[in-house]
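Enquirer: Just a sequence and a predicted model for now, questions to come.
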Amino acid sequence: MDIIKTDKLTKYYGKARGIVDLDLQISEGEFFGFIGPNGAGKSTTIRTLLGLISPTGGSARVLGMDIVGNKDNILRRVGYLPSEALFYNGMKVKDVLKLSADLRKKDCKAEAEELCNRLQLDVTRKVDELSFGNRKKVAIVCALQHKPELLILDEPTGGLDPLMQKEFFDILQERNKEGATIFLSSHVLSEIQHNCSRAAIIRDGRIIACDSVEELAKTNARRVSVEGKIDKSKLKGIRDIIETDKSISFLYSGEVSELLETLTAGQVKDLTITEPDLEEVFLHYYEKDGEAL
């Protein structure tokens, strides 16, 4: 079953581009990543899917429901974490959590307590006294406490320290194993690579690639790191060079024989050849119009 399905979903703000002809299919139980820099159209996609803004064209279904006219039903069954959460000043954290639960007509006390303990969130404090990171924790608990079947998370880790980020993703992995579908929008590529099974890359409001994370990261290029000196001018297919007096590192997609000849002729004290990470591959998609290396 497709939990999210779009067909040429489009949103314009007047003449300004939001998203254009978006085609996505996300199956039940997937941990799906949505990758793109700020301004690419990630938040517009999410807000359109949730019925918070109206599409200009195309169509979409979330949890089997058309997004036009079903906003309340969709929001009741979804856990939504916006990139920036706003709360009523003067309210205590525990009151915000209760309000969120009441809006869904659920008793979430036990789950909220467990989440607050894991995220080290003090429920007695007022939300306007909290740091950005702690306000993000409040938003996380609001999104997760009713144990929704679909989680839509927009840049969820901003403001969280590394330990809290790890705990947060541990919670998400547990929810995913229990059957929840997770749609994770992020520009932090390591989050996508470490947690998602499949992902889409969006640029200028359009999907330019959609595949398993493993396939998206595949490339014939390799990251070559050399301690010592070589004549890099003899190498074709070399880019992203990082060079110091004692070392050089670069992405290489040329002939192996040329690389071996250059290394042999140089003064190499140590050598490391690895696959590039998703971040390096992602930059290539943006530089080369989505064509694979």
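Expert: Okay, I see it.

Enquirer: Which residue is the nearest non-sequential neighbour of T6?
Expert: Excluding the flanking residues, the one nearest T6 by CB to CB, 6 or more residues apart in numbering is A60, at 4.1 Å. C-beta here means a position set from N, CA and C on the backbone, and glycine is covered the same way.

Enquirer: typed the wrong thing, it's T44
Expert: What sits nearest to T44 in space, not counting adjacent residues and going by CB to CB, 6+ apart, is G18, at 4.1 Å.

Enquirer: Wait, a strand at that neighbour?
Expert: Yes - under DSSP: H, G, I helix; E, B strand; the rest coil, G18 sits within a strand.

Enquirer: Return the residues in contact with it.
Expert: 10-12, 41, 44, 48, 56, 205 (CB atoms under 8 Å, 6 or more residues apart in numbering).

Enquirer: same deal with S83?
Expert: 43, 154-156, 158.

Enquirer: likewise V213?
Expert: 33, 192-193, 196-199, 278.

Enquirer: Mind doing that once more with 6 Å?
Expert: 193, 196, 199 (CB atoms under 6 Å, 6 or more residues apart in numbering).

Enquirer: got it, and T56?
Expert: 10-12.

Enquirer: Output the strand or helix carrying A112 as CSV, nothing but the C-alphas.
Expert: In the assignment (DSSP states H and E), A112 maps to helix 109-119. Provided in CSV are the C-alpha atoms of helix 109-119 (Å, rounded to 0.1, in the frame of the first residue of the first chain):
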residue,chain,number,x,y,z
LYS,A,109,0.2,10.5,29.1
ALA,A,110,2.2,7.3,29.3
GLU,A,111,3.9,7.7,25.9
ALA,A,112,4.6,11.4,26.5
GLU,A,113,6.2,10.6,29.9
GLU,A,114,8.5,8.0,28.3
LEU,A,115,9.5,10.3,25.4
CYS,A,116,10.2,13.2,27.8
ASN,A,117,12.4,11.0,29.9
ARG,A,118,14.4,9.8,26.9
LEU,A,119,14.8,13.3,25.6
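
Enquirer: After it, which helix or strand is next?
Expert: Note on helix 109-119: by DSSP H and E, the next helix or strand toward the C-terminus is helix 132-144.

Enquirer: Do I have it right that E111 meets Q145?
Expert: Yes - between E111 and Q145 there is a contact under CB atoms under 6 Å: 4.8 Å.

Enquirer: Under the pLDDT cut-off, which ranges of the stretch 1-150 of the chain? List them.
Expert: Applying pLDDT under 70 to the stretch 1-150 of the chain flags no residue at all.

Enquirer: Show the residue spans covered by the helices in it.
Expert: For the stretch 1-150 of the chain, the helices defined by DSSP state H, counting those that start in this stretch occupy 42-49, 71-77, 93-103, 109-119, 132-144.

Enquirer: re earlier: looking at E111 and Q145, which one has more neighbours?
Expert: Neighbour count, other CB atoms under 10 Å: between E111 and Q145, Q145 has more, with 24 against 17.

Enquirer: Could you double-check that the more buried one lies in contact with E113?
Expert: No - Q145 lies out of contact with E113 (CB under 6 Å); the separation is 9.2 Å.

Enquirer: if I pick S225, what's in contact with it?
Expert: Taking CB under 6 Å, 6+ apart, we find S225 in contact with 249, 272.

Enquirer: Need the phi and psi values for it.
Expert: S225 adopts backbone torsions of phi -120, psi 120, taken as degrees, to the nearest 10.

Enquirer: For L260, give its distance to L271.
Expert: As judged by CB to CB, to the nearest Å, L260 and L271 stand 11 Å apart.

Enquirer: Pick out whichever of these two has more residues nearby.
Expert: Higher neighbour count among L260 and L271: L271, with 13 against 10, using other CB under 10 Å.

Enquirer: tell me which strands and helices the host helix or strand of the more buried one is in contact with?
Expert: Using DSSP H and E, L271 maps to strand 267-274. Here strand 267-274 touches strand 222-229, going by 3 or more CB pairs under 6 Å, 6 or more residues apart in numbering; DSSP states H and E.

Enquirer: Number of residues surrounding Y88?
Expert: Each residue near Y88 was counted by other CB under 10 Å, and the total is 10.

Enquirer: who's in contact with the spatially most central residue of the chain?
Expert: The centroid of the chain falls nearest to S186 when counting by CA atoms, centre = their mean (2.7 Å). When contacts are counted by CB under 6 Å, 6+ apart, S186 touches 155, 192.
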